[in-house]
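Enquirer: can you look at this prediction? I've put the sequence above it.
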Amino acid sequence: MTDISCIIINYNTSEYTLNCIRSILATHKGKISYEIIVVDNASEKEDYFKLEQGIKDLNTSNLHLVKSKQNVGFGGGNMMGVQHCSPCRYYAFINNDTLLPEEDTFGKLFKFMEEHEYVGVCSPQMLDEDHKFRMTIDHFSSVPREILRRPILEFLFPKKFLNRKVFYDKPTRADYVQGSFMFTRAEDFNAIGGFDTNLFLYYEESDLCRRLLKERNKETYLIPDVQYIHFKGASTKKNVVMKTELKLSLLYNIRKHYGFWAYKILLTHLQIRYFFTSIVKPHYFPLWKVLLRGANISESIKNKQPIKP
């Protein structure tokens, strides 16, 4: 059995993907067994061929490329990768726009998980490209979090809502960690069915950590003495389409975990908020119309992805 199966998704950013792979190969040599599964999420032909050739040039037996004919998103891409993994003890889901600068990152996370059976997911501390602190933990989405906002909840209830902007100096329990680097026990991940593929791009990590806690009683931890670099935003450009996708995923997540009335309260709040926002910023008008229609997950861009040859 392989110790770790590392899954990386590429979507039209092959140079980032190849650099990420190189950083893994350079810092992990024979200490634990691992494989790397790269899922190409229906990139343009030029980018895919560049990725394919780059992987061939690396000439390593534990690196495999899987090509999807459709962009199935973050959760779907990772689940495709899982289906091509060898039997393993842990999955490492890593964004392609990351680098692992530390020696034996996998080994340190593996050791922590082996020593803490009650942990289902852990993550290193995220840094930006200048090696400066970047927020890695977050609170589960909820109606109070979305209406009152995180800083107020952190101020009023500091024990329940940890300060996300603090650089912790020891392993710290959190609601969830960012999806750019999630190290999870394969047995638990498989038992709950993995990522919810109804979600295309946002809240997959929050949903996963919540279900691991609810269904398996497994907690999520930040491991601050292990770190990684994330070129945040390199793989996903922000615009109104992505903002709309964010709200669709949020409302789906709220309804899934809190029920209809929580969804209805938050939907009404967002409808009012973006009505006034769209007056000042007219480019938000399409988002407001989606909210007015109920913001059903069926409006996700996931359902607009073509199937390529």
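Expert: Perfect, I can see it now. Numbers count the residues shown, from 1 in each chain.

Enquirer: what segments of the stretch 1-150 of the chain are strands?
Expert: In the stretch 1-150 of the chain, the strands defined using DSSP state E, counting those that start in this stretch lie at 2-10, 34-41, 63-68, 88-94, 98-99, 119-127, 137-138.

Enquirer: now swap in the stretch 201-309 of the chain and tell me
Expert: 219-230.

Enquirer: the residue at minimal distance from the centre of the chain in helix, strand or coil?
Expert: The chain has residue 179 as the residue nearest its centroid, 2.2 Å off, counting by CA atoms, centre = their mean. At residue 179 the chain is in coil, as set by DSSP: H, G, I helix; E, B strand; the rest coil.

Enquirer: residue contacts, it?
Expert: Residue 179 makes contact with 74, 93, 95, 204-205, according to CB atoms under 8 Å, 6 or more residues apart in numbering. C-beta coordinates here come from the backbone N, C-alpha and C atoms, glycine included.

Enquirer: of the residues you listed, which is the nearest to residue 156?
Expert: Proximity of the contacts of residue 179 to residue 156 (CB to CB) peaks at residue 205, which lies at 25.0 Å.

Enquirer: where does pLDDT dip in the stretch 201-309 of the chain?
Expert: For the stretch 201-309 of the chain, the stretches flagged by pLDDT under 70 are 233-237.

Enquirer: in CSV, list the C-alpha atoms belonging to the longest helix anywhere in the chain.
Expert: Ranked by number of residues, the top helix in the chain under DSSP state H is helix 260-280. Only the C-alpha atoms of helix 260-280 are listed here, as CSV (Å, rounded to 0.1, in the frame of the first residue of the first chain):
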residue,chain,number,x,y,z
PHE,A,260,-34.5,25.4,4.4
TRP,A,261,-35.2,28.3,6.8
ALA,A,262,-31.5,29.1,7.3
TYR,A,263,-31.1,29.2,3.5
LYS,A,264,-34.2,31.4,3.2
ILE,A,265,-32.9,33.9,5.7
LEU,A,266,-29.5,34.2,4.1
LEU,A,267,-31.0,34.3,0.6
THR,A,268,-33.3,37.2,1.6
HIS,A,269,-30.3,39.0,3.2
LEU,A,270,-28.2,38.6,0.0
GLN,A,271,-31.1,39.7,-2.2
ILE,A,272,-31.5,43.0,-0.3
ARG,A,273,-27.7,43.5,-0.1
TYR,A,274,-27.0,43.0,-3.8
PHE,A,275,-30.1,45.0,-4.9
PHE,A,276,-28.4,48.1,-3.4
THR,A,277,-24.9,47.0,-4.5
SER,A,278,-26.1,46.6,-8.1
ILE,A,279,-27.4,50.2,-8.1
VAL,A,280,-24.0,51.5,-7.2
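
Enquirer: residues in contact with the residue of the chain most remote from its centre?
Expert: Using CA atoms, centre = their mean, the residue of the chain lying farthest from its centre is residue 279. It sits 32.7 Å away. Under the criterion of CB under 8 Å, 6+ apart, residue 279 has no contact partners.

Enquirer: would you check how far apart it and residue 273 are?
Expert: Between residue 279 and residue 273 the computed distance is 11 Å (CB to CB, to the nearest Å).

Enquirer: now residue 165
Expert: For residue 165, the distance to residue 273 equals 24 Å [CB to CB].

Enquirer: end to end, how far does stretch 226-238 reach?
Expert: Using CA to CA, to the nearest Å, one end of stretch 226-238 lies 29 Å from the other.
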